[in-house]
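All I have is the shape, not the residue letters:
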């Protein structure tokens, strides 16, 4: 392994960078603000603060959508900016790079991640591709190199990736187009329909993280927005039951897709999964009692990740720090 090694998780919602011997050195929103269509105005958390608030000449966007790079130009500008901020020429030049990518994407889409690092001026020594389910499992300290089958469910910002692992590889995998952003959209739509009230995506995100649950609950939260009847700014109280009704169908859809995958799983691996349960991770897995909902619908014990937003990048770190795991890369 090179004396310098970097792991990067290009998540839809946030970007994380790991450096050998240092750990996670960057964890920021994967957002860029572009001024007059060509000048980078802000990136990361600073750009996220401008989301849904910027004037017409500043466009704030997420370069990654549904697990793949949707805007290669903006993604290149964003990663170049972060590398410069982190003193990249000194710390990253000539390093080996480990990049996490979803499993169920095309080779062209995977190549875009490779080209993103190749096109920097850091002259990477080598670029390794790591499938996200493998990184997820390693980030949760799971031994996936043996014969024991492991079920990992990663609920991200735009997608949910359900994977069954064994012998260091992926036996079955399914990418479901449901994630945290769909949850937000559903909350917005429900409040608009039932309460004649419009809220923004950032407010929906706050509702989701504060009072959303897979079961009905009595929690409440005051939110500001626009009253559709009067057209004026106003405030309402949103309840946990409202958010539950907004999200329950999406939770059920994820469960149904997991069942489809399990129906196609070899019997011996099914036995392992029954004994050990499923492992739940991803930033959107932190919704209240979601693990209990999966348990009731699947009959499997649910193992929750302590730091679900960081499991992928920590898995890349595990590969970087342990040369024996390099064989799990592409």
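Received the coordinates, thanks. Since we're looking at a predicted model, the values are computed, not measured.

Residue 200 versus residue 228, what's the distance?
With the distance defined as Cβ to Cβ, to the nearest Å, residue 228 ends up 14 Å from residue 200. All C-beta atoms are positioned from the backbone trio N, CA, C, and that covers glycine.

Over to residue 84?
31 Å.

residues contacting residue 301?
276-278, 295 (Cβ atoms under 8 Å, 6 or more residues apart in numbering).

Out of those residues, the closest to residue 131 would be?
residue 278 (17.9 Å; Cβ to Cβ).

Okay, and the closest residue to the closest one other than its chain neighbours sits in which element?
Once flanking residues are discounted, residue 278 sits nearest to residue 151: 4.3 Å by Cβ to Cβ, 6 or more residues apart in numbering. Taking DSSP states H and E as the definition, one finds residue 151 inside strand 150-155.

same deal with residue 237?
Counting by DSSP H and E, the element that carries residue 237 is strand 233-239.

Give me the next element, helix or strand, following that strand.
helix 240-263.

With neighbour numbers in mind, choose between residue 84 and residue 200.
Between residue 84 and residue 200, counted using other Cβ atoms under 10 Å, residue 200 has the larger neighbour count: 17 against 10.

State the phi and psi torsions of that one.
Here is the backbone geometry of residue 200 (degrees, to the nearest 10): phi -90, psi 170.

Need the per-residue pLDDT for it.
pLDDT, residue 200: 94.

thought it was touching residue 187?
No - at 10.9 Å, residue 200 does not count as touching residue 187 under the criterion of Cβ atoms under 8 Å.

Which stretches in the protein count as helices?
Applying DSSP state H to the chain gives helices spanning 44-48, 72-85, 88-91, 107-118, 132-139, 180-195, 201-210, 240-263, 267-276, 290-298, 311-321.

Show me what counts as buried in the second one.
The reference is to helix 72-85. 74-83 (16 or more other Cβ atoms under 10 Å).

now swap in stretch 38-49 and tell me
41-44, 47-48.

Over to stretch 173-181?
Buried, per 16+ other Cβ under 10 Å, within stretch 173-181: 173-176, 178-181.

Same list (those residues) but as a markdown table, adding pLDDT and distance to residue 300.
As requested, those are exported to a markdown table (pLDDT from 0 to 100; distance: Cβ to Cβ, whole Å):
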| residue | pLDDT | distance to residue 300 |
| --- | --- | --- |
| 173 | 92 | 18 |
| 174 | 92 | 16 |
| 175 | 90 | 20 |
| 176 | 93 | 17 |
| 178 | 95 | 19 |
| 179 | 94 | 21 |
| 180 | 94 | 23 |
| 181 | 94 | 26 |
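
quick one: which two of those residues are the most distant?
173 and 181 (20.9 Å).

residues in contact with stretch 181-200?
12-13, 52, 157-158, 201, 204-205, 207-208, 212, 223-229, 234, 236, 238, 242-243, 245-247, 249-250, 284, 287.

Can you give me the neighbour number for residue 107?
Other residues within reach of residue 107 by the criterion other Cβ under 10 Å amount to 6.

Would you mind measuring from the residue lying farthest from the centre of the chain to residue 200?
Farthest-out residue of the chain from its mean C-alpha position, per Cα atoms, centre = their mean: residue 230, at 37.6 Å. Distance, residue 230 to residue 200, by Cβ to Cβ: 18 Å.

Counting neighbours, what do you get for the closest residue to residue 12 other than its chain neighbours?
Among residues not flanking residue 12 along the chain, residue 157 sits closest, at 3.9 Å (Cβ to Cβ, 6+ apart). Using other Cβ under 10 Å, residue 157 is surrounded by 23 other residues.

now swap in residue 100 and tell me
26.

ok, now residue 106?
9.

Hmm, residue 270 is touching residue 262, no?
Yes - with contact defined as Cβ under 8 Å, residue 270 reaches residue 262; the gap is 6.8 Å.

For those two, indicate the residue with more neighbours.
residue 262 (19 against 15).

Give me the distance between the more buried one and residue 32.
39 Å.

Residue 126 too?
Counting by Cβ to Cβ, the gap from residue 126 to residue 32 is 27 Å.

Same drill for those two, tell me which one is more crowded.
Using other Cβ under 10 Å, the more surrounded residue of residue 126 and residue 32 is residue 32, with 25 against 13.
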